[in-house]
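Undergrad: Build me a model:
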Amino acid sequence: MTLNQYIRDIQDFPKPGIVFKDITPLLANPKAVKECMALLINNLRERNIDKVVGVESRGFFFATLLAYELGAGFVPVRKPKKLPFETIAASYDLEYGTDTLEIHTDAIKKGERILIHDDVLATGGTAKAVCELVEKLGGEIVQCNFLMELSFLNGREKLAGHEVYAPLVY
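TA: Predicted coordinates for the structure are as follows:
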């Protein structure tokens, strides 16, 4: 199965000049989801992951499945004012603007082994901000895990020192 066939390009979304990688066709196909999960989890089963951090919102889809498969907890990282408890925040740049993410202050305990998952690694700003949040709370990042990487945007550079994995690379 070629997962690329389930990724749809949307021109000029969310703004002119951006080619958005739409994963909804993949999510609609159970065989594609199963294949994707097998690829994402391939080298993680023996890594003793305590928590999977999923990034709003498309990162939630596979992060919750990964947490379930690994027997780990799930931690959402969300946009400001979406989490009900005390939070810490990190701001970041992305290819079409800036944004902020928050995590609950009690979501990760010192020394917990963390898998970070998001749908796409683009410029790396989002993932770097999530790494900062996890490390501020004392988590040990085992891997930054993505469904796809837009390698031409050089996002890996911002994640230097962290293991990065994405089964689909554009």
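Undergrad: So what's the gap between the worst-scoring helix or strand of the chain on mean pLDDT and the chain middle?
TA: Ranked by mean pLDDT, DSSP states H and E, the helix or strand of the chain with the weakest confidence is strand 87-94, at a mean of 89. The chain centre lies 14 Å from the centre of strand 87-94; the measure is C-alpha atoms, centre = their mean, to the nearest Å.
Undergrad: and the following helix or strand past that strand, which residues are buried?
TA: Downstream of strand 87-94, the first helix or strand assigned by DSSP states H and E is strand 97-104. Neighbour-count burial for strand 97-104 flags Asp99, Leu101, Glu102, Ile103, His104 (criterion: 16 or more other C-beta atoms under 10 Å). C-beta: built from backbone N, CA, C; applies to glycine.
Undergrad: Dump those to JSON lines, plus pLDDT and distance to Glu86.
TA: Shown next, in JSON lines, are the buried residues of strand 97-104 (pLDDT from 0 to 100; distance: C-beta to C-beta, whole Å):
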{"residue": "Asp99", "pLDDT": "91", "distance to Glu86": "20"}
{"residue": "Leu101", "pLDDT": "98", "distance to Glu86": "15"}
{"residue": "Glu102", "pLDDT": "98", "distance to Glu86": "10"}
{"residue": "Ile103", "pLDDT": "98", "distance to Glu86": "10"}
{"residue": "His104", "pLDDT": "98", "distance to Glu86": "7"}
